[in-house]
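Visitor: predicted model and sequence below, questions to follow.
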Amino acid sequence: MISLKDITYKYHNDDAYALNHISIDFKRGSFVSILGHNGSGKSTLVKIIMGILLPTSGAIFIDGKPVDRDNPLELQRRFSIVFQNPDNQFVGATVLDDVAFGLENLGVPHETMVEKVEAALKEVGMWEFRNHEPHRLSGGQKQRVAIAGALVTNPEVLIMDEATSMLDPDGRKEVLSILKKIHAKRDTTILYITHDLREIEDSDYVFILRKGHVVNEGTVRDVYEDTETLVSSNLELPYNIKLSKALCDGAYMSYEEVVERL
């Protein structure tokens, strides 16, 4: 669905390239994680994909159609994004108002809007909070509302940009569980941007960025077993990977497999 061909990007007044000859393909309906430490180029890559930034060189195609200066807004309508801090996305006085905001901008008829908002809030388990003020919710609840607001327009691609980094463990589990259900139910392509190796286990495919380069890619098992690249990319190894390395010479084991082995 999305193809990046030899993408480079350099910010003004910066000698180094934020992205350096990146070529990536994303399949429609896949759950893809883009993993990297701060400064690896993850956020720049997201802006390139959404057409917010145009590459210094190279090209991006969506369904074979090039993204250029003439059509970025047309392509952006096919994307929705959830950011790190949900408070920065809220615009409505209530949860209901906030989720409806995107549909109002699109001129969706009121009756249809009501149905879509209800369905989106029920999908993320937040319908009972529909009349609450978004800013008074817990961190995990806020992100679930933000996800509902992103899903209500039925995007082809949902981008999660470090969307769990400000959450406690329970909030993080809530959001990851919701995403897993969304991916199983919908045909939505999910691009999950993170620096946390613990959050990628449900991914179909993973790309690891370091200083603007793709330094590894593959299945979750592929990237977990290459601990040398993970460590050199300043990524903290989850406990199960450390145990896997100690117990079976580096072959990846999930938490369940580690428990069984022990």
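Guide: Perfect, thanks for sending it. Numbers count the residues shown, from 1 in each chain.

Visitor: from here on, just use CA atoms for contacts and neighbour counts.
Guide: Will do.

Visitor: what sits against Leu103?
Guide: By Cα atoms under 8 Å, 6 or more residues apart in numbering, the contact set of Leu103 is 113, 152-153.

Visitor: surely it is within a strand?
Guide: No. According to DSSP: H, G, I helix; E, B strand; the rest coil, the state of Leu103 is helix, so it is not within a strand.

Visitor: dihedrals phi and psi, the closest residue to Thr219 other than its chain neighbours?
Guide: Leaving out its chain neighbours, the residue that sits closest to Thr219 by Cα to Cα, 6 or more residues apart in numbering is Tyr205, at 4.7 Å. Main-chain torsions, Tyr205, degrees, to the nearest 10: phi -150, psi 150.

Visitor: tally up the residues packed near Tyr205, please.
Guide: Applying other Cα atoms under 10 Å, we find 21 residues neighbouring Tyr205.

Visitor: please apply the same query to Met50.
Guide: Here the count is done by other Cα under 10 Å, and Met50 has 22 residues near it.

Visitor: quick check: phi and psi at it.
Guide: Per degrees, to the nearest 10, the backbone of Met50 is at phi -80, psi -10.

Visitor: next one: Ala150 from Gly64, what distance?
Guide: Distance from Ala150 to Gly64, counting by Cα to Cα, to the nearest Å: 24 Å.

Visitor: so for the two, which sits in the more crowded spot?
Guide: Applying other Cα under 10 Å to Ala150 and Gly64 shows that Ala150 carries more neighbours, namely 22 against 10.

Visitor: using the three-state scheme, assign the closest residue to the more buried one other than its chain neighbours.
Guide: Counting by Cα to Cα, 6+ apart, Ser80 is the residue found nearest to Ala150 once chain neighbours are left out, at 5.2 Å. Here Ser80 is recorded as strand under three-state DSSP.

Visitor: which strand residues bridge Ser80?
Guide: Using DSSP bridges, the beta-bridge partners of Ser80 come out as Leu158.

Visitor: next, count neighbours for it.
Guide: By other Cα under 10 Å, the residues close to Ser80 number 21.

Visitor: likewise for Thr112?
Guide: Close neighbours of Thr112, defined as other Cα under 10 Å, add up to 10.

Visitor: how about the strand or helix carrying it: buried residues?
Guide: Here Thr112, judged by DSSP states H and E, is contained in helix 110-123. By neighbour count on 16 or more other Cα atoms under 10 Å, the buried set for helix 110-123 is 113, 116-121, 123.

Visitor: equivalent analysis for stretch 158-171, please.
Guide: Under 16+ other Cα under 10 Å, the buried positions of stretch 158-171 are 158-165, 167, 171.

Visitor: what about the helix or strand containing Ile22, average pLDDT?
Guide: Element membership for Ile22 (DSSP H and E) is strand 19-26. The average pLDDT for strand 19-26 rounds to 93.

Visitor: equivalent analysis for stretch 35-52, please.
Guide: In this model, stretch 35-52 carries a mean pLDDT of 89.

Visitor: how about it: buried residues?
Guide: Within stretch 35-52, the residues scored as buried using 16+ other Cα under 10 Å are 35-38, 40-46, 48-51.

Visitor: check stretch 21-28 too.
Guide: By neighbour count on 16+ other Cα under 10 Å, the buried set for stretch 21-28 is 21-23, 26.

Visitor: of those, which is the nearest to Asp187?
Guide: Lowest distance from Asp187 to the buried residues of stretch 21-28 (Cα to Cα) belongs to Phe26, with 13.4 Å.

Visitor: tell me who's in contact with the closest one.
Guide: 1-3, 32.

Visitor: if the residue nearest to Thr219 is in a bridge, with which residues?
Guide: Beta-bridge pairing of Tyr205 under DSSP bridges involves Val32.

Visitor: residues touching Tyr192, list them.
Guide: Residues near Tyr192 by Cα under 8 Å, 6+ apart: 31-34, 159-162.

Visitor: dump those into JSON lines; add distance to Tyr255 as well.
Guide: Listed next are these as JSON lines, based on distance: Cα to Cα, whole Å:
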{"residue": "Phe31", "distance to Tyr255": "20"}
{"residue": "Val32", "distance to Tyr255": "21"}
{"residue": "Ser33", "distance to Tyr255": "19"}
{"residue": "Ile34", "distance to Tyr255": "22"}
{"residue": "Ile159", "distance to Tyr255": "27"}
{"residue": "Met160", "distance to Tyr255": "24"}
{"residue": "Asp161", "distance to Tyr255": "25"}
{"residue": "Glu162", "distance to Tyr255": "23"}
